[in-house]
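**Student:** here are the coordinates; sequence isn't available:
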């Protein structure tokens, strides 16, 4: 809300004032008020900022304003707030603003009022309008400044909307990429399962039987994940979330401990990747409006680090087994 006292004084000589940007030369203004404004003062103010051929239209009722807006566009709409304590109330400013915005009209709006009004301010904020509080109303020297401000407000809102739409499209694109990568990683695990079972035909070549393979793979995955304690899955989910936020710098010890636990329960690297993908899918599905590209890159690093640790655990276990089954025999010749 802007009061007249908050607007810096303009030069009294309008012709000597340098033109400023923001308004087109043929500025189109719709005025809604009980009486037709004095166009002379407003024309001089607009001319001072470079609008040398403004186009004015005035209506005295809300219905006439809506009819006009259905057929024409304006650079700005100025609405004089009708006193609600009068018997002859021709319109309610908040209802008119709501009707204008509900019709899809996004033209800048300025509300003129003699006194501050909290309800009017709330409606103005929610509808991207400016308010000018001035006893001079249409003759206020601050009117053109507030009109310029209302235009900038709408332009900013439109830019924010465009950025929001572009960001939403980017998130959708990243989510599709994440789903594609997760499917590819699932296919890799399925191919490893097929090789382990003696099948040499890659899953990716079985296009006609993909739905069958997917069902079989899901059933096999359910059987395998049932062997993983729920505490381990919960812990891994929290570890994954922390890893995505913090990175690997502070979690190396936790990852090594988890690898030891997974090795103790007998999870192979393939089973570990299945557990990893399951938790990544849960995490990605709950991202909402956050980016999934960062999550996927960090998750891949965690999977790589975890599999390396598990491989080392199994290698150490194999070395201990070899040492126990093939003890070193010390002969007399080896003794100095």
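**Tutor:** Arrived safely. The model shown is predicted, which means the values in this text are computed figures rather than measured ones.
**Student:** Just give the number of residues close to residue 229.
**Tutor:** Neighbour count of residue 229, defined by other Cβ atoms under 10 Å: 10. For every residue, glycine as well, the C-beta is placed using N, CA and C.
**Student:** pLDDT weak spots in the stretch 1-150 of the chain?
**Tutor:** Across the stretch 1-150 of the chain, the ranges flagged by pLDDT under 70 are 1-22, 83-91.
**Student:** which residues in it form strands?
**Tutor:** For the stretch 1-150 of the chain, applying DSSP state E, counting those that start in this stretch gives strands covering 2-3, 28-32, 55-59, 76-80, 109-113, 130-133.
**Student:** Tell me which of those lies nearest to residue 298.
**Tutor:** For residue 298, the closest of the strands of the stretch 1-150 of the chain is strand 130-133, at 44.9 Å, according to Cβ to Cβ.
**Student:** one step back: who wins for proximity to residue 281 among the strands of the stretch 1-150 of the chain?
**Tutor:** Once the strands of the stretch 1-150 of the chain are compared by Cβ to Cβ, strand 109-113 is nearest, at 46.9 Å.
**Student:** possible to save the strands of the stretch 1-150 of the chain as a markdown table with distance to residue 181 and mean neighbour count?
**Tutor:** Listed next are those as a markdown table, based on distance: least, Cβ to Cβ, whole Å; neighbours: other Cβ atoms under 10 Å:
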| stretch | distance to residue 181 | mean neighbour count |
| --- | --- | --- |
| strand 2-3 | 52 | 16 |
| strand 28-32 | 52 | 22 |
| strand 55-59 | 56 | 16 |
| strand 76-80 | 49 | 24 |
| strand 109-113 | 47 | 25 |
| strand 130-133 | 48 | 24 |
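**Student:** would TSV of those with distance to residue 153 be doable?
**Tutor:** Converted to TSV, the strands of the stretch 1-150 of the chain look like this (distance: least, Cβ to Cβ, whole Å):
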stretch	distance to residue 153
strand 2-3	11
strand 28-32	16
strand 55-59	22
strand 76-80	11
strand 109-113	9
strand 130-133	6
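**Student:** what about stretch 37-50, distance to the chain center?
**Tutor:** The chain centroid and the centroid of stretch 37-50 are separated by 42 Å, computed with Cα atoms, centre = their mean, to the nearest Å.
**Student:** My error: substitute stretch 41-60 in the last question.
**Tutor:** 40 Å.
**Student:** Check which residues of it are buried.
**Tutor:** Judged by neighbour count (16 or more other Cβ atoms under 10 Å), stretch 41-60 contains these buried residues: 41-43, 45-51, 54, 56, 58-59.
**Student:** Over to stretch 116-124?
**Tutor:** In stretch 116-124, counting by 16+ other Cβ under 10 Å, buried: 117, 120-121, 123-124.
**Student:** Return the closest of the buried residues of stretch 41-60 with respect to residue 228.
**Tutor:** residue 49 (70.7 Å).
**Student:** quick one: low-confidence ranges for the stretch 201-336 of the chain?
**Tutor:** Using pLDDT under 70, the stretch 201-336 of the chain drops low at 201-227, 247-249, 326-336.
**Student:** again, only using 90
**Tutor:** For the stretch 201-336 of the chain, the stretches with pLDDT under 90 are 201-234, 236, 240-276, 278, 281-336.
**Student:** Next, format the buried residues of stretch 41-60 as TSV and append distance to residue 197.
**Tutor:** As requested, those are exported to TSV (distance: Cβ to Cβ, whole Å):
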residue	distance to residue 197
41	89
42	84
43	86
45	84
46	81
47	85
48	84
49	79
50	79
51	79
54	81
56	82
58	83
59	80
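**Student:** Which single one of those residues is nearest to residue 92?
**Tutor:** residue 59 (15.6 Å).
**Student:** Which other helices and strands does the host helix or strand of residue 277 contact?
**Tutor:** Here residue 277, judged by DSSP states H and E, is contained in helix 269-285. Helix 269-285 makes packing contacts with helix 143-196, helix 210-225, helix 230-246, helix 293-325 when contacts are defined by 3 or more Cβ pairs under 8 Å, 6 or more residues apart in numbering; DSSP states H and E.
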